[in-house]
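Trainee: Please find the sequence and the predicted model below.
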Amino acid sequence: MLTDDERSAFLQSIARVRQRAAQVLRQSQGADDTVAFIAQLHRGLDTVAEQARTTGPQPACQAGCAHCCHLRVEATEPEVFHIAQYLRAQPAEALADALSALQRHVATAALNPTNPARQACSFLVDDRCSIYPVRPAACRKAHSLSAQHCAEQSATIPQNLRLLVDAEALMAGTALAYRDQPLPASAHELNAAVLAALKDPTAQARWYQGDAAALMPKDAQN
């Protein structure tokens with residue numbers, strides 16, 4: 001829980017991020033440029049995480065530890081299109097493998113939508129993230145101070161509160177700045193959203209025109 005002063009500082013941080021991000025987004029040239037701006041959020045989150053490692057308790061996370069990669073992950077529209085652009089730039093075989101993995105993941109989740117199975121993220125390959133350079137904010141923020149808690153799927157995971165608060169301020173302020181344009185910046189399940197973006201070449205352009213349903217499967221829009 002935050003104190004009143006801490007909550008006030010948190011809201012002020014969101015407002016500052018929103019203002020700075022909106023200034024940059026207003027100067028963006030086209031959809032690709034606007035999507036690319038999301039990388040600034042990601043760099044900011046990486047900085048926050050590094051500062052937390054330097055000054056606070058050490059996270060138990062390390063390469064090959066992939067417990068959190070079996071949880072639901074959400075990403076905003078600009079993050080999803082950023083990932084889709086990254087995948088389209090990969091060799092044809094790698095893109096085909098990614099599409100197959102995404103389709104399997106979405107099909108499995110659809111079998112029981114009210115209680116989806118705990119399954120590995122489509123981008124988890126040999127316990128490593130295959131889209132690590134463009135992974136969404138939720139993944140960059142995620143951490144644990146206890147690998148045992150993660151392995152046991154504990155209801156609560158010990159985390160660094162300072163990292164969480166700073167990361168949430170960056171994420172909330174950036175999302176609000178996109179919406180100020182106005183461009184949709186809502187949370188979508190990562191695998192289904194990336195699959196929708198890859199299957200529909202018009203999705204990014206429709207999002208840039210303000211279509212909040214750009215990442216919905218076309219059959220769900222009818």
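Mentor: Okay, I see it. Keep in mind that this is a model prediction, so the values were computed, not measured. Numbering: from 1, shown residues only.

Trainee: Give me the neighbour count for residue 39.
Mentor: Close neighbours of residue 39, defined as other CB atoms under 10 Å, add up to 14. To be clear about C-beta, it is placed using only N, CA and C from the backbone, and glycine gets the same treatment.

Trainee: So which bits of the helix or strand containing it are buried?
Mentor: Applying DSSP states H and E as the criterion places residue 39 in helix 38-55. If you call a residue buried by 16 or more other CB atoms under 10 Å, then helix 38-55 has these buried ones: 38, 41, 42, 44, 45, 48, 49, 52.

Trainee: residue contacts, residue 173?
Mentor: The neighbourhood of residue 173, defined by CB atoms under 8 Å, 6 or more residues apart in numbering, consists of 13, 14, 15, 16, 17, 18, 20, 21.

Trainee: Recalculate using a threshold of 6 Å.
Mentor: The contact partners of residue 173, by CB atoms under 6 Å, 6 or more residues apart in numbering, come to 14, 17, 18.

Trainee: Repeat that for residue 166.
Mentor: With CB under 6 Å, 6+ apart, residue 166 has these contacts: residue 48.

Trainee: Model confidence for the residue nearest to residue 174 when sequence neighbours are not counted, exactly?
Mentor: Once flanking residues are discounted, residue 174 sits nearest to residue 41: 4.5 Å by CB to CB, 6 or more residues apart in numbering. pLDDT for residue 41: 98.
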